[in-house]
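**Q** When you get a sec, could you give me coordinates for this:
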Amino acid sequence: MKQFFKNNADNIILGFILVIALFLRTFKLTEIPFMHDEFSALFRTQFNSFSELIEKGVLIDTHPPLIQIVLFYFVKIFGFSEAWLKLPFIIAGVFSVFLAYKIAEDWFGKTSAVAIASLIAYLQYPIFYSQIIRPYSSGLFFILLFVYFWNKIIFYSDKKRYPNLIGFVVAGALCAYNHHFTFLQAAIIGITGIFFLNRKNIIYYFAAGLAIALLYIPNIGIFKAQLEMGGIEDWLAKPGYDFLINYFSYIVHYSWITALIIIAVFISGLFVKPFLNNKRKSLLFISLLWFIIPFLIGFIYSRYVNAVLQYSVLIFAFPFILFGIFGWMKSNSIKLRAIIAFVLAIGCISSLVHKRKHFQIFYNSPYEQIVKQAKIESDSIGLKNCLIVFSMTAKDSTRTPSKILKHYSEKYIDQEKINYLKVEDAGDYKMLVHQLESFKGDYIYYGYLAGAPVEAYPLIKQFFPYVYKTSNFYGGSYVIFSKKRTNELTNDLYKSENSFEGANTNWGNINSALLDSVALSGKFSYRFDSISEWGPGFSDTLFKIANKQMDYIDVSINVMPLNDFSDAQLVSSIQQDTIIVDWRSSQFSNFVMTPLKWNTVTLSIKLPDLDFKNTNPVINIYVWNNKKQNFLIDDFKINVRKGNPILYWIVSEEVKTK
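**A** Numbers count the residues shown, from 1 in each chain. Predicted coordinates for the structure are as follows:
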């Protein structure tokens, strides 16, 4: 038995890595939810023919057709089953670990291979993209398969030439049809191969490249149509110059401990004997270029043309940065390899579970949980005592958010027993106010996604002022408001109010001649007329009152329209020196404006969406009477509340609350 383990030690280590890789990707497989992008792809499989799929499911997207075609047939077999649809992508992720090991073993030795395979097996970056049915796990597998056969036909051209050429062509075509960045990656690798060619393999290599090009011809029309669509800047920002710093922080789970463990593994491989002479040192530099070149192309294109660069598209280049770093490890110690596999497993999985909370956060879809909990909470509170309000960016019934909401509503909510309303943009504020005014119950359940209209939250709170319960998910939250004081949960960090009863810190531009005795509270309100365009305002250093990474600033004001009032604006301006970083306003006309009665107008600033870098801006909040109207204002309130610390968790660190 001892001799068996000695003779098969490396296979046992590789088996250990692969088993852990499979376990991490299939843990509670049936509970892994679909994300927004996955639903988008799934809804684009509901067609009766292949031609309809291409016309309505592929041409309107920005990806090549391969994965959409695969899903088209998988859905016909398995329906919308999370487990069955995700399983092929998970398997592709595990095979990627195996291929990375085999390539690295041939190029740099077994110790480098163990380190590289372990990181691809244990890190959240490849795990996460193995668990979603998008072209990332498949692309990682295809590109490594392409490199595997590339290596065979370049360096072992006399061995199994034709099977390797066929594998190279098939893998290259799969890369081309999988994702534009896998096509780019394969092209870069293919061009690199030219510099290694000799007389024996040059004709075969160019013939294989030509075969891949011919196989791609059917997709040229699709590619041209998709290219004309441009980028995805409606939701993806252009990358900053700190992109790579953030990218590598994400890779190591935003954990200094994990980073130090990985560094220690690399250093140990340089100094632990016996030493190994790397066979292909040139491939160390080439591997680095295979990461750097697609990154630079994506970065430059995103900065100067259309934004396309995000962490997901670099997954195809990710193994090669590991090759370029860990390929330098010189040790050939079997004991060290066993230690590396084990230590990296402990370090990476520990931070995966405890620092990143992968299984806790990722396994709770905001769409599903918000709808599911609406049913649970309303049943607990009482159907007639709880009004459900959703802000799920689902205004257009033909778009993905609306279809997702419908999908989960049909699954969890009996609509004959539970009525809910949707607030998706400023056009719904008046309807919301009427519903809040007429509702006789004590609780409002408000579920909202990251893209929800931010003014809805403070608007609800005007009528139901106490926060009874809050629960956060990546990409969304739900909060239960109460009309009556209960065991209130406060998430308020800062408050300031001007009721025009005297001087207030941080408030200015108040003309005492415009104070009016018709007041909502206290003795005075403030009057605007045809000659008063600007009125009272609040000003302070932004980060003195708020956390730029997470907090929301809610502004509310009570307004009494006079005479023939039409409109005015509640404005927020964030300014650094003379540069306006952010400017926004709420039109009074978006809200109920009953003449000679007090009405509420709200404005919110969602700080996580603003990029302040290292600035120290000042925030100014004021009323702009741009149409020179007659109206009164009272109870001008500024409130800073804690936001969702895991709102953008998928690509960022969890924000630590105050």
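**Q** now the stretch 401-550 of the chain, which segments are flagged as low pLDDT?
**A** Low-confidence segments of the stretch 401-550 of the chain (pLDDT under 70): 415-417, 487-489.
**Q** Now do the helices in it.
**A** With DSSP state H, counting those that start in this stretch, the ranges of helices along the stretch 401-550 of the chain come out as 429-438, 456-463, 542-545.
**Q** Most tightly packed of those?
**A** Greatest average neighbour count among the helices of the stretch 401-550 of the chain goes to helix 456-463 (a mean of 21), per mean count of other Cβ atoms under 10 Å. Every residue, glycine included, has its C-beta placed from N, CA and C.
**Q** Determine the set of other helices and strands touching that helix.
**A** Here helix 456-463 touches strand 386-391, helix 429-438, strand 443-449, strand 476-482, strand 552-561, strand 599-606, going by 3 or more Cβ pairs under 8 Å, 6 or more residues apart in numbering; DSSP states H and E.
**Q** mind running it again at 6 Å?
**A** strand 599-606 (3 or more Cβ pairs under 6 Å, 6 or more residues apart in numbering; DSSP states H and E).
**Q** Starting from the strand it packs on, tell me which strands it pairs with and how they run.
**A** Strand 599-606 has the following strand partners under DSSP bridges: strand 552-561 (antiparallel).
**Q** Give the rounded mean pLDDT of the partner strand.
**A** The pLDDT scores in strand 552-561 average 95.
**Q** isn't there a strand covering residue 106?
**A** No. Read with DSSP: H, G, I helix; E, B strand; the rest coil, residue 106 is helix and lies in no strand.
**Q** so what's it closest to, chain neighbours aside?
**A** Nearest non-adjacent residue to residue 106, counting by Cβ to Cβ, 6 or more residues apart in numbering: residue 151, 6.4 Å away.
**Q** any idea how far residue 213 is from the one you found?
**A** From residue 151 over to residue 213 the distance is 21 Å, taken as Cβ to Cβ, to the nearest Å.
**Q** Name the residue in the two with the higher neighbour count.
**A** residue 151 (20 against 12; other Cβ atoms under 10 Å).
**Q** before we move on, back to that, element containing the residue nearest to residue 106, please.
**A** Element membership for residue 151 (DSSP states H and E) is helix 137-155.
**Q** Contact partners for residue 17?
**A** Contact partners of residue 17, counting by Cβ atoms under 6 Å, 6 or more residues apart in numbering, are 117-118, 121, 341.
**Q** before we move on, which element is it in?
**A** Per DSSP H and E: helix 9-26 holds residue 17.
**Q** between the next helix or strand after that helix and strand 443-449, how many degrees?
**A** Note on helix 9-26: by DSSP H and E, the next helix or strand toward the C-terminus is helix 36-43. Counting by axes from the mean of the first three to the mean of the last three Cα atoms, to 10 degrees, helix 36-43 points 80 degrees away from the direction of strand 443-449.
**Q** Distance from the chain centre to helix 36-43, please.
**A** How far helix 36-43 lies from its chain's middle: 14 Å, per Cα atoms, centre = their mean, to the nearest Å.
**Q** buried set for that helix?
**A** Within helix 36-43, the residues scored as buried using 16 or more other Cβ atoms under 10 Å are 38-43.
**Q** how far away is residue 62 from residue 225?
**A** From residue 62 over to residue 225 the distance is 10 Å, taken as Cβ to Cβ.
**Q** Actually, residue 284.
**A** Residue 284 is 40 Å from residue 225, where distance means Cβ to Cβ.
**Q** Ok, residue 27 next?
**A** Per Cβ to Cβ, residue 27 is found 40 Å from residue 225.
**Q** Residue 530: how many residues sit nearby?
**A** Using other Cβ under 10 Å, residue 530 has 11 other residues around it.
**Q** for it, what are its contacts?
**A** Per Cβ under 6 Å, 6+ apart, neighbours of residue 530: residue 628.
**Q** Check residue 405 too.
**A** Shown in contact with residue 405 (Cβ under 6 Å, 6+ apart): 392, 394.
**Q** same thing but 10 Å
**A** Taking Cβ atoms under 10 Å, 6 or more residues apart in numbering, we find residue 405 in contact with 367, 370-371, 390, 392-394, 397, 420, 422, 447, 449.
**Q** Check what contacts stretch 50-65 and list those residues.
**A** Here stretch 50-65 has contacts from 40-41, 43-47, 49, 66-69, 71-73, 134-135, 175-183, 216, 218-219, 221-223, 225-227, 229-232, 308, using Cβ under 10 Å, 6+ apart.
**Q** so how far does that stretch reach from one end to the other?
**A** Stretch 50-65 has an end-to-end distance of 11 Å (criterion: Cα to Cα, to the nearest Å).
**Q** Rounded mean pLDDT for it, please.
**A** The average pLDDT for stretch 50-65 rounds to 89.
**Q** Would you mark the buried spots in that stretch?
**A** Applying 16+ other Cβ under 10 Å to stretch 50-65 flags 53-54, 57-58, 61, 63-65 as buried.
**Q** With stretch 213-221 instead?
**A** The neighbour-count check on stretch 213-221 (16+ other Cβ under 10 Å) flags 215-216, 219 as buried.
**Q** Which of the contacts of stretch 50-65 fall in strands?
**A** The strands, defined by DSSP state E, take in nothing from those.
**Q** Got a PyMOL select line for the buried ones in those?
**A** Under the burial definition 16+ other Cβ under 10 Å, those of the contacts of stretch 50-65 that qualify are selected in PyMOL by:
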select buried, resi 40+41+43+44+45+66+67+68+69+71+72+134+135+175+176+177+178+179+180+181+182+183+216+219+222+226+308
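**Q** Sitting in helices, which of the contacts of stretch 50-65 do you find?
**A** Under the assignment DSSP state H, the contacts of stretch 50-65 contribute 40-41, 43, 66-69, 71-73, 175-178, 180-183, 216, 221-223, 225-227 to helices.
**Q** Just the buried ones out of the contacts of residue 405, please.
**A** Among the contacts of residue 405, the ones that count as buried (16+ other Cβ under 10 Å) are 367, 370-371, 390, 392-394, 420, 422, 447, 449.
**Q** start to end distance for stretch 563-575?
**A** Criterion Cα to Cα; first-to-last residue distance in stretch 563-575 is 35 Å.
**Q** Put the alpha carbons of stretch 635-650 into PDB.
**A** C-alpha atoms of stretch 635-650 as PDB (Å, rounded to 0.1, in the frame of the first residue of the first chain):
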ATOM      1  CA  ASP A 635     -40.000  70.300   7.100                       C
ATOM      2  CA  PHE A 636     -37.000  70.100   4.800                       C
ATOM      3  CA  LYS A 637     -35.300  66.900   5.900                       C
ATOM      4  CA  ILE A 638     -31.900  65.300   5.100                       C
ATOM      5  CA  ASN A 639     -31.400  61.800   6.200                       C
ATOM      6  CA  VAL A 640     -28.400  59.500   5.600                       C
ATOM      7  CA  ARG A 641     -29.100  55.700   5.900                       C
ATOM      8  CA  LYS A 642     -27.100  52.600   5.600                       C
ATOM      9  CA  GLY A 643     -27.300  51.000   2.300                       C
ATOM     10  CA  ASN A 644     -26.800  47.400   1.300                       C
ATOM     11  CA  PRO A 645     -23.200  46.200   2.100                       C
ATOM     12  CA  ILE A 646     -23.400  43.400  -0.500                       C
ATOM     13  CA  LEU A 647     -25.200  45.300  -3.200                       C
ATOM     14  CA  TYR A 648     -22.500  44.800  -5.800                       C
ATOM     15  CA  TRP A 649     -20.800  41.800  -4.000                       C
ATOM     16  CA  ILE A 650     -20.300  39.800  -7.200                       C
END
